[in-house]
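Chemist: quick one, what's the 3D model for this:
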Amino acid sequence: MASSLRFRGAASGLRYWSRRQRPAATSLAAVCSRSMASKTPVGFIGLGNMGNPMAKNLMKHGYPLIIYDVFPDACKEFQDAGEQVVSSPADVAEKADRIITMLPTSINAIEAYSGANGILKKVKKGSLLIDSSTIDPAISKELAKEAEKMGAVFMDAPVSGEHHCYLKE
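Modeler: Okay, here's the model as predicted:
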C-alpha cells in the first residue's frame, strides 16, 4: 500500500496523491469548507516578511487572530483592523489553542516558546502549535518534546521563500 502513495510538495503546498482517481473538485471543496467552518481564534506570533502576509490571509478568510510580535509597530495594522494584540507569546497561548509561529531564528523560537513569557508558560492541554520558523531541526525536536510534556501538539512546518503559498490564494 505504501508504494501506491506519493506526496507532492513545492510551491503548491503538500498534497496527497494515490493511484486512485482524484476526487472531484466539488467534493474536495465540500471537505475544505467543512474543515474551515470552525473559525476559532488563531494565535499568530511573528509578523515579519513572511508572517505578515500569512496572518493577513487568515484574517481575510475570517479567522479571528490573537497577534504578538516583538516589534509593536508590526501589529498596528492588525489592531486597526480589529484583531486582538497581546503583550507576550504566553498571552497568545492563554487566548488561543491554535498557534502559528513564524520567526527568523532558532534563538527567537526558543524565546517565544520557552522564555520567561513564552508560549509553554500558559499553553493549554490539547493546543496545536505550528512552527513555520526558519530554525535548526534539532531545536524543533526539543521544542516538540517540551510541548508534549505540557499536553500540546507541536508541528514543525518550515517554509521558505515562495513555498509559503499554502496560506495564500
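Chemist: buried stuff in the biggest helix by length in the chain?
Modeler: Counting by DSSP state H, the longest helix found in the chain is helix 137-149. Using 16 or more other CB atoms under 10 Å as the test for burial, helix 137-149 gives 139-140, 142-144, 146-147. No exception for glycine: its C-beta is placed from N, CA and C like everyone else's.
Chemist: pick out the most distant pair among the residues you listed.
Modeler: Every pair in those was compared (CB to CB); the two farthest apart turn out to be I139 and A147, at 12.3 Å.
Chemist: list the helices and strands the longest helix of the chain packs on?
Modeler: With contacts defined as 3 or more CB pairs under 8 Å, 6 or more residues apart in numbering; DSSP states H and E, helix 137-149 has these neighbours: helix 106-114, strand 128-131, strand 153-156.
Chemist: need the winner for burial among these.
Modeler: strand 128-131 (a mean of 22; mean count of other CB atoms under 10 Å).
Chemist: how close does the residue positioned nearest the centre of the chain sit to A112?
Modeler: Nearest to the mean C-alpha position of the chain, counting by CA atoms, centre = their mean, stands I100 at 2.7 Å. Shown here: I100 relative to A112, a distance of 11 Å by CB to CB, to the nearest Å.
Chemist: leaving out sequence neighbours, find the closest residue to P64.
Modeler: The shortest distance from P64 to any non-neighbouring residue, by CB to CB, 6 or more residues apart in numbering, is to P41 (4.5 Å).
Chemist: next one: the one you found from Y63, what distance?
Modeler: Taking CB to CB, one finds P41 at 7 Å from Y63.
Chemist: in the chain, which spans are strands?
Modeler: For the chain, the strands defined by DSSP state E occupy 5-8, 15-18, 42-45, 65-68, 84-85, 98-101, 128-131, 153-156.
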